[in-house]
Structure formats: structure tokens, C-alpha cells
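> whatever this is, show me its structure:
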Amino acid sequence: MALDSARRPEALDLPGLRVHPLRGREKGRYAVDASGNWRLTFGWDGEDAIDLYLEDYH
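From the prediction side, this is the model:
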């Protein structure tokens, strides 16, 4: 399922993606594993993903 067709973050929880809410100062945002040290982070507003970032978190 594509990020733009999901209506809530839980709809993205497919095998291998490891969708998870972030904690601490990133609370309210989510992360999806991309490849190696890379992950996609995003916020959620109603039925839309917002503020997408591709991050090297190491």
C-alpha cells in the first residue's frame, strides 16, 4: 500500500516495513525503515501523511 493511499498510519504496517511511532521530541511522528541506516519519517494530519523526510539516523 502506498503512503498516499493510506488513511491512517496503521494501514502501512506491512511485513518488512517496520512502521512505528517515534518517541521523545519526535512524538506524534512515525518512521518506516527504508534501507540500511535510512528511514522515512512523517507526521499525520487527519487522513494525510505530512512533513516527509528521508533520514540517515546513524
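> lowest-confidence helix or strand of the protein?
Every helix and strand of the chain was ranked by mean pLDDT, DSSP states H and E. The lowest is strand 29-35, at a mean of 88.
> give the buried residues for that strand.
29-32 (16 or more other Cβ atoms under 10 Å). (Each C-beta comes from the backbone N, C-alpha and C, glycine too.)
> how about the residues you listed in JSON lines, adding distance to P9?
Putting these into JSON lines (distance: Cβ to Cβ, whole Å) gives the following:
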{"residue": "R29", "distance to P9": "10"}
{"residue": "Y30", "distance to P9": "5"}
{"residue": "A31", "distance to P9": "10"}
{"residue": "V32", "distance to P9": "9"}
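> ok, which pair from those residues is furthest apart?
Among the buried residues of strand 29-35, the pair separated by the greatest distance (Cβ to Cβ) is R29 and V32, at 11.0 Å.
> what ranges of this protein fall below the confidence cut-off?
1-3 (pLDDT under 70).
> just to revisit the earlier point, chain center to the helix or strand that the least confident helix or strand of the chain is followed by: distance?
Once the chain leaves strand 29-35, the next helix or strand it forms, by DSSP states H and E, is strand 38-45. Taking Cα atoms, centre = their mean, to the nearest Å, one finds strand 38-45 lying 4 Å from the centre of the chain it belongs to.
> now do stretch 28-37
6 Å.
> show me what contacts the most centrally placed residue in the chain?
Centroid-nearest residue in the chain, with Cα atoms, centre = their mean: A31, separated by 3.3 Å. By Cβ atoms under 8 Å, 6 or more residues apart in numbering, the contact list for A31 reads 19-20, 22, 39-41.
> try it again with 7 Å
Residues near A31 by Cβ atoms under 7 Å, 6 or more residues apart in numbering: 20, 22, 39-41.
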